[in-house]
Every structure is written in C-alpha cells, then in structure tokens.
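[1] Below: sequence and its predicted model.
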Amino acid sequence: MKQLTNQASPYRRWIAHTIGVVMVAVVFVVAAYREQVIALLPFGIGQGILDRALDDQLKKVFPNATAFSPKQASPVPHYIAYTGAPVPMVAGYVFWTTDLEPLERGYDGPIKMLVGLDMNAKLTGVLVTEHHEPYGYFSVEPPRFAQQFKGKDIRDPFKVGADIDAVSRASITINSSTRAIRNSARRVARALLTPQGSEK
C-alpha cells in the first residue's frame with residue numbers, strides 16, 4: 001500500500017502543476033481578451049458586464065452627463081452625452097481616438113483613449129484604456145497625463161513641451177497620444193459642432 005502511495009505522488013504533483021499552469025493561462029487569456037471573453041458569456045450576461053464597464057468609462061470622461069446614447073456610426077463614430085431631466089439636452093460627445101485616428105500609433109502600437117468634448121469645443125476628460133508602450137507606466141498611465149487635457153479648447157496648440165507635459169524616454173508615446181486626442185477632437189468638432197453650411 002505504501003508503495004502505491006509513493007508511485008501516485010509524482011502523478012499528483014504533475015496534476016497539481018498542470019492545473020496551476022492552466023489556471024495561469026486562463027487568467028492571462030481573460031486579461032488579454034477581456035471584452036471577447038465577456039461577449040461569449042450566455043444569456044446577455046457578458047453584454048451587461050460590458051455595458052456597465054462602458055458606462056463607467058463614459059461617465060469618467062464626461063462626469064456632468066446624466067445619460068449616454070448607444071454608439072453612433074455617422075457622421076463620425078461617437079456617443080452622445082446628455083444632461084437634464086425629464087427632458088434630456090445634448091451636452092456633448094464622447095469618442096474613441098482609435099475610431100477616428102486609427103493610424104496614429106505609439107512606440108508599440110495604437111493607444112486607445114476615450115475623450116469627452118462639450119458643446120463649447122472643450123475637452124471634458126480623457127481616459128487611457130489600453131496601450132502596449134514600454135514606458136507607458138510613467139507617461140500615459142499616470143492620471144496626470146489625462147488630467148492635463150481636461151478643459152483644453154480644441155483650438156489650443158496641443159504642443160508637447162509647451163501646453164502638454166513632455167516625458168523623457170517616452171516622447172514617441174506622448175507625441176502620438178497628444179496628436180490622437182487633438183486630431184480626433186477636431187474631427188468630431190467639425191462633424192458635430194459646426195453648423196451646417198458654415199464650414200469652409
């Protein structure tokens with residue numbers, strides 16, 4: 001009996017190690033492909049989780065809004081931010097920089113940011129949601145990077161080292177992120193804030 005127990009021990013260790021490796025792999029896959037995994041959950045559970053997460057993100061970049069529309073496809077991809085009750089009024093727009101400036105890339109790929117824009121062409125907030133930058137942890141990840149855009153007018157220069165803080169060793173990341181915010185905000189303003197017929 002003791003001999004059988006000794007023979008079983010290596011198998012138990014092997015099974016325990018295998019289970020551990022599988023668990024780590026599952027955690028990694030869920031973290032890397034969170035939205036896709038959640039979308040696969042049954043009976044709309046996944047979509048509900050995604051919707052709540054998106055609502056939280058929208059609220060972070062447009063804190064004064066009381067409601068948001070579903071994503072609009074035209075004239076540019078955006079969400080409408082509303083304030084007021086019982087009659088909601090359009091307060092501004094929220095958009096993903098990657099929807100509007102898909103070719104703008106950092107050092108190691110696109111930097112996905114959510115941006116709010118009010119009806120006076122001022123940014124209400126910026127949220128960095130995804131990046132793969134080697135120096136992102138001290139350039140675009142810290143809250144102070146996004147906070148410096150709040151209240152900026154789209155007509156501001158958005159010049160790194162002037163009205164945008166420069167970060168040494170992360171100039172590609174900072175410059176790319178700043179251009180993506182500026183250019184996408186200006187595109188949204190041209191499409192949604194410019195009165196019809198007044199654009200030259």
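    Looks like it came in fine.
[2] and the one helix or strand R144 maps to, what does it pack onto?
    Using DSSP states H and E, R144 falls within helix 143-147. Identification of packing neighbours for helix 143-147 by 3 or more Cβ pairs under 8 Å, 6 or more residues apart in numbering; DSSP states H and E yields strand 123-130. C-betas here are computed from N, CA, C, even on glycine.
[3] Tell me which strands the strand it packs on pairs with, and in which orientation.
    Strand 123-130 pairs in its sheet with strand 112-118 (antiparallel), by DSSP bridges.
[4] now the strand it pairs with, how far from the centre of its chain.
    9 Å (Cα atoms, centre = their mean, to the nearest Å).
[5] again, but for stretch 62-77
    With Cα atoms, centre = their mean as the basis, stretch 62-77 stands 14 Å off its chain's centre.
[6] Residues in contact with that stretch: which ones?
    55, 58-59, 78-85, 88, 91-92, 94-96, 99-100, 116, 118, 124-125, 187-188, 191-192 (Cβ atoms under 8 Å, 6 or more residues apart in numbering).
[7] model confidence over it, on average?
    Regarding stretch 62-77, the rounded mean pLDDT is 95.
[8] and that stretch, how far apart are its ends?
    Stretch 62-77 has its terminal residues 17 Å apart, counting by Cα to Cα, to the nearest Å.
[9] All the strands of this structure, residue numbers only.
    For the chain, applying DSSP state E gives strands covering 67-68, 79-83, 89-96, 112-118, 123-130.
[10] My guess is R105 contacts S176. True?
    Yes - using Cβ atoms under 8 Å, R105 makes contact with S176 at a distance of 6.1 Å.
[11] Residues in contact with both of these two, list them for me.
    Joint contacts of R105 and S176 (Cβ under 8 Å, 6+ apart) are I111.
[12] Neighbour count for these two, which is higher?
    With neighbours defined as other Cβ atoms under 10 Å, R105 and S176 compare such that S176 has more, 23 against 15.
[13] What's the PyMOL syntax to select whichever of the contacts of stretch 62-77 are buried?
    This is the PyMOL syntax for the buried subset of these, where burial follows 16 or more other Cβ atoms under 10 Å:
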select buried, resi 58+59+78+79+80+81+82+91+92+94+95+96+99+100+116+118+124+125+187+188+191+192
